[in-house]
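A.B. asks: whatever this is, show me its structure:
(chains A and B)
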Amino acid sequence: KAGVTQTPRYLIKTRGQQVTLSCSPISGHRSVSWYQQTPGQGLQFLFEYFSETQRNKGNFPGRFSGRQFSNSRSEMNVSTLELGDSALYLCASSLGTGGRQPQHFGDGTRLSIL
Amino acid sequence: DAKTTQPPSMDCAEGRAANLPCNHSTISGNEYVYWYRQIHSQGPQYIIHGLKNNETNEMASLIITEDRKSSTLILPHATLRDTAVYYCIAGRGGADGLTFGKGTHLIIQP
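C.D. replies: Here you go, the predicted structure:
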């Protein structure tokens, strides 16, 4: 069974640009969550989607947004990029919405802002 | 999510059992204990999770104390490939997301 797939693996952007990252969950998984990992702040929760609806959002500015499609694939968008947005962005999927179903992570997209 | 406390680093000899402790004294009744590990430049890998009972799978065993205030992850026969940062998380998961701390850097010595 294929795992969580994130594309692209690496991305370089400049300040002020916007970026879209893509995540394909494990087949059959309907919940997708996004996380940001930086050396200073560690792994932080961005938002979670289930059945195309954002159900929760972490403490990030409105420049960070996302969506989920009917096939459960998800994208996240960051607008007006800042140097501090340089990070590893991780997507995780799970079967359902409760804690009984663990989240499984992809290997992330490493975003570098110049 | 409940706050968790883990030692920052641990060593273990190859072939021996690695026992990683985690304190989660403020865990609430509907919060699970999850364990993940992360090898540099990869995403976190799910290991095991449990609510009240001890759990075992092909990777590890999870021992949760009766009062649920602490737990231990056991890797029965550690190999060099088990060197990683191990995260213990106490939370409801799902839409709440997972709150990762700094974890334990486990180093397996040959």
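
A.B. asks: buried set for stretch A:94-114?
C.D. replies: Residues of stretch A:94-114 classed as buried: A:94-95, A:97, A:99, A:101-111, A:113 (neighbour count, 16 or more other CB atoms under 10 Å in any protein chain shown). Where you see a C-beta, it was placed from the backbone N, CA and C, and this is true even at glycine.

A.B. asks: what's around residue B:75, how many residues?
C.D. replies: 21 (other CB atoms under 10 Å in any protein chain shown).

A.B. asks: kindly report the same for residue B:13.
C.D. replies: So residue B:13, with other CB under 10 Å, has 11 neighbours.

A.B. asks: contacts only, for it.
C.D. replies: By CB atoms under 8 Å, 6 or more residues apart in numbering or on different chains, the contact set of residue B:13 is B:78, B:108, B:109.

A.B. asks: just residue B:102 next, same as before
C.D. replies: Residues near residue B:102 by CB under 8 Å, 6+ apart: A:42, B:6, B:8.

A.B. asks: interface residues of chain A facing chain B?
C.D. replies: Neighbours of chain B within chain A, by CB under 8 Å from any CB of the partner chain: A:4, A:31, A:33, A:35, A:42-45, A:48, A:50, A:55-56, A:58, A:90, A:92, A:94, A:96-108.

A.B. asks: next, count neighbours for residue B:40.
C.D. replies: Residue B:40 has 7 nearby residues by other CB under 10 Å.

A.B. asks: in a helix, it, correct?
C.D. replies: No: using DSSP: H, G, I helix; E, B strand; the rest coil, the assignment for residue B:40 is coil, not a helix.

A.B. asks: residue A:108 versus that one, what's the distance?
C.D. replies: Between residue B:40 and residue A:108 the distance, using CB to CB, to the nearest Å, works out to 12 Å.

A.B. asks: just the ones in strands from the residues of chain A next to chain B, please.
C.D. replies: Using DSSP state E, the subset of these located in strands is A:31, A:33, A:35, A:42-45, A:48, A:50, A:55-56, A:90, A:92, A:94, A:104-105.

A.B. asks: most neighbours, which of those residues?
C.D. replies: Most neighbours among those, by other CB under 10 Å: residue A:33, with 30 neighbours.

A.B. asks: so for it, what's the pLDDT?
C.D. replies: We have a pLDDT of 96 for residue A:33.
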